[in-house]
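Enquirer: When you get a sec, could you give me coordinates for this:
(one chain, ligands or ions: 1)
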Amino acid sequence: MDKFIIEGGERLKGKIGISGSKNAVLPLIAATILQKGTYTIGNVPRLKDVTTMMKLLDLLGGKCEWRGDHTISIDTTGVENHVAPYELVKKMRASVLVLGSLIGGIKKATVSYPGGCAIGERPIDLHLKGLSSLGCEVTIREGYVDVTAKKLRGGRITFDTVTVGGTENMLMASSLAKGETVIENAAREPEVVDLARMLKKMGAQIDGEGTPVIRIKGVGELTPCTYDVIGDRIEAGTFLAACGMTRGSIVLENCIPEHIKAVIDKLRETGMEITCDGNTIKASMSRKRPRAVDVKTLPYPGFPTDMQAQLMAAMTTSKGVSAITETIFENRMMHAAELRRMGADIRVVGNTAIVHGVESISGAKVMATDLRASASLIIAGLAAYGRTEVSRIYHIDRGYEHIEEKLQSLGARITRVKDENMGA
Ligand code: EPZ
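Expert: Model (predicted):
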């Protein structure tokens with residue numbers, strides 16, 4: 001296993017390109033099962049989760065190959081196997097996204113029931129309720145969920161909670177159902193919209209994506225296509241938080257400012273100067289200490305839960321007191337304990353963290369517990385006095401492409417080394 005060694009104190013300066021979105025490309029890859037044929041997907045980030053999803057598709061009978069740095073070709077002509085096994089699903093919950101495309105494509109799916117993860121129980125009851133509304137038979141046995149659709153027909157679902165994955169599974173399954181489907185309280189995330197866009201390019205009839213009500217008119221068949229993934233809004237937000245933490249000045253390219261409006265507004269509240277021009281974001285803290293701000297995570301277009309840990313890190317040395325409330329996941333504050341070990345003054349009460357800004361924090365040996373918690377520990381280490389060692393960084397490799405190279409190009413002193421204490 002690897003770890004990062006970070007020598008803190010460098011202000012980030014310079015320009016980097018934002019990679020394609022992890023949370024957009026995973027459903028796009030799954031969607032290729034809907035219609036046998038050959039697809040080309042561009043702007044794909046080189047991430048562990050992408051490789052895992054490509055392996056799952058190969059297991060189902062597809063053929064996924066990298067074509068150059070950031071393009072993959074997918075041939076789903078041979079997809080006949082409908083079982084997503086425990087060994088794979090336990091590595092990546094997003095495997096559950098093949099439920100909707102297998103049901104739409106070959107009318108049956110057996111997917112290992114995803115367990116919880118570090119940040120919460122993360123049930124899929126709403127996914128299954130949605131598929132049942134399309135006439136699917138759902139049974140759970142021996143840790144697997146079996147879904148069959150003798151006759152896939154349009155239905156109607158009102159999600160009790162906004163669910164990104166649930167909305168995505170419904171979009172895929174209903175695109176080939178007979179009749180109209182209505183999804184109410186649908187997720188509005190840009191990644192859901194990106195999936196709808198690719199499905200429409202394949203011939204699906206979808207209206208309302210990006211709003212709380214999406215209507216899908218099922219079609220008889222779809223057409224394979226070529227598609228480019230949107231930029232990763234959470235990667236962009238993560239680098240903006242790192243810029244704030246180090247009082248630096250950076251330029252981000254290949255991003256979509258509109259997709260992180262809530263994050264930009266919040267960081268402007270801390271005193272960061274941010275200007276957006278097309279696909280470029282310029283941000284500068286110009287050596288100022290950020291003001292403390294309050295934030296509450298919400299479904300899009302609210303402040304994203306995937307940016308909560310990174311903002312918490314940036315608030316540890318702010319001026320004032322910040323209340324950070326997590327409303328999406330029940331256990332997404334584990335980074336607080338690790339940040340406290342670096343000298344941060346954080347008290348977690350229920351799902352709110354109260355962060356009293358301190359003058360400075362100090363480097364320490366810390367451990368990553370999940371993808372975004374890892375990002376928050378790296379951000380803290382960039383500004384901490386002395387050395388920070390972040391272990392278990394396999395979490396970070398799931399969602400950030402070449403993060404240490406990008407940070408090094410902005411002047412950070414960060415290196416990846418073997419972690420002799422953590423075995424192979
Ligand atoms: C997606 O997860 C993202 N992952 C997550 O990003 C992100 O945090 C999350 O959406 C929220 O924005 C991918 O897109 C691959 P949900 P997803 O279904 O779809 C509850 C990251 O760091 N719920 O929107 O699994 C659930 O427990 C990851 O990149 C049910 O109760 O999230 C949670 O409290 C982490 N029943 C809330 O809804 C269900 O059937 C939101 O979950 C489904 C969800």
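
Enquirer: contacts, neighbours, all on C-alpha from now
Expert: OK.

Enquirer: mind pulling up the phi and psi values for Glu401?
Expert: Glu401 adopts backbone torsions of phi -80, psi 120, taken as degrees, to the nearest 10.

Enquirer: Excluding sequence neighbours, find me the nearest residue to Ala94.
Expert: Leaving aside its sequence neighbours, Ala94 sits nearest to Leu26 (C-alpha to C-alpha, 6 or more residues apart in numbering; 7.2 Å).

Enquirer: and the one you found, that one's in a helix?
Expert: Yes - Leu26 sits within a helix when classified using DSSP: H, G, I helix; E, B strand; the rest coil.

Enquirer: For it, report the pLDDT, please.
Expert: On the pLDDT scale, Leu26 is placed at 98.

Enquirer: Enumerate the residues of the chain near the ligand.
Expert: Selection of the chain residues close to the ligand by C-alpha under 6 Å from any ligand atom yields 23, 94, 121-127, 161-166, 305-306, 328-329, 371-372.

Enquirer: Of those, keep whichever come out buried.
Expert: By neighbour count, with 16 or more other C-alpha atoms under 10 Å, those hold 23, 94, 126-127, 162-166, 305-306, 328, 371-372 as buried.

Enquirer: Please enumerate the strands of the stretch 251-400 of the chain.
Expert: Under the criterion DSSP state E, counting those that start in this stretch, the stretch 251-400 of the chain contains strands at 273-277, 280-284, 295-296, 321-325, 345-349, 352-356, 365-367, 387-391.

Enquirer: Save the ones you listed as CSV, and put in distance to Val417, mean pLDDT and mean neighbour count too.
Expert: Shown next, in CSV, are the strands of the stretch 251-400 of the chain (distance: least, C-alpha to C-alpha, whole Å; pLDDT from 0 to 100; neighbours: other C-alpha atoms under 10 Å):
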stretch, distance to Val417, mean pLDDT, mean neighbour count
strand 273-277, 34, 98, 15
strand 280-284, 30, 98, 21
strand 295-296, 35, 98, 18
strand 321-325, 33, 98, 21
strand 345-349, 29, 98, 16
strand 352-356, 31, 98, 21
strand 365-367, 14, 96, 18
strand 387-391, 10, 97, 23
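
Enquirer: With distance to Gly42 as new columns, can these be given to me in CSV?
Expert: Formatted as CSV, the strands of the stretch 251-400 of the chain follow (distance: least, C-alpha to C-alpha, whole Å):
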stretch, distance to Gly42
strand 273-277, 23
strand 280-284, 20
strand 295-296, 34
strand 321-325, 36
strand 345-349, 41
strand 352-356, 39
strand 365-367, 34
strand 387-391, 32
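
Enquirer: Could you check which helix or strand contains Thr51?
Expert: Thr51 is located in helix 48-59, with elements delineated by DSSP states H and E.

Enquirer: Can you list the neighbours in contact with the next helix or strand after that helix?
Expert: Reading on from helix 48-59 to the C-terminus, the next helix or strand found by DSSP H and E is strand 63-66. Residues outside strand 63-66 that contact it (C-alpha atoms under 8 Å, 6 or more residues apart in numbering): 54-55, 57-58, 72-76, 78.

Enquirer: So Arg332 sits against Glu326, correct?
Expert: Yes - using C-alpha atoms under 8 Å, Arg332 is in contact with Glu326, at 7.2 Å.
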